[in-house]
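Asks: below is the structure, and that's it, no one-letter string:
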């Protein structure tokens, strides 16, 4: 038996099918929204400047320079992981060089003294600005931003990390991903 449907019946069936699809789409959208809310809540609760610092801090690796001897007592102490000796040697220098400031700043970070590290990295940057040079500038900026994280000041670190992220030529660019920036922003929002 072949039944012919009236236009009204066809329209009603079509509307019923559209409602069914709309309800399914709303359920999917709601489920997706709930997943996002749960993820955002988890991120908000778990992200702190301390965790960002401890998870992302990596000590500076000394680079061998051709034709130059880098074997000062400070460099040797740094190579051997003797951060107390690095700081002692640094404090005994009459006029430290930029690399010595950098290594001392990292030693301060290793010794959980971010305030002193901040001072040290700012000194490198200021000296470069005064002398129109850029010795260890990118290193100093990256570790300055890490020092701000270690000192619970992510809002001061953020502009530096954003510049590093925007500069694909920066050697620390791969350390500062969009995900990392999102985590820093989240830690700022919690303050």
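Replies: Looks like it came in fine. In this text, all values refer to a predicted model and were calculated from it rather than measured experimentally. Numbers count the residues shown, from 1 in each chain.
Asks: just give me the longest helix of the protein.
Replies: helix 7-46 (DSSP state H).
Asks: buried residues in the next helix or strand after it?
Replies: For helix 7-46, the following helix or strand on the C-terminal side (DSSP states H and E) is helix 49-56. Across helix 49-56, burial judged by 16 or more other Cβ atoms under 10 Å covers 49, 52, 53. All C-beta atoms are positioned from the backbone trio N, CA, C, and that covers glycine.
Asks: residues in contact with helix 49-56?
Replies: Outside helix 49-56, the residues that touch it by Cβ atoms under 8 Å, 6 or more residues apart in numbering are 146, 149, 150, 152, 153, 154, 175, 180, 183, 184, 187.
Asks: and the buried ones among the residues you listed, selectable in ChimeraX?
Replies: Buried subset of these, written as a ChimeraX selection, criterion 16+ other Cβ under 10 Å:
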select :146,149,150,153,154,175,180,183,184,187
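Asks: can I get the contacts of helix 49-56 in a markdown table including secondary structure and distance to residue 85?
Replies: As requested, these are arranged in a markdown table below (DSSP: H, G, I helix; E, B strand; the rest coil; distance: Cβ to Cβ, whole Å):
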| residue | secondary structure | distance to residue 85 |
| --- | --- | --- |
| 146 | helix | 22 |
| 149 | helix | 26 |
| 150 | helix | 21 |
| 152 | coil | 28 |
| 153 | coil | 28 |
| 154 | helix | 31 |
| 175 | helix | 27 |
| 180 | helix | 32 |
| 183 | helix | 34 |
| 184 | helix | 33 |
| 187 | helix | 33 |
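Asks: what is the most widely separated pair among the contacts of helix 49-56?
Replies: Within the contacts of helix 49-56, 152 and 175 form the most distant pair, 19.9 Å apart (Cβ to Cβ).
Asks: so which of the buried residues of helix 49-56 comes closest to residue 126?
Replies: residue 53 (23.3 Å).
Asks: now that closest one: how far from residue 120?
Replies: 16 Å (Cβ to Cβ, to the nearest Å).
Asks: which stretches of the chain have low pLDDT?
Replies: Along the chain, the parts satisfying pLDDT under 70 run over 1-3, 64-70.
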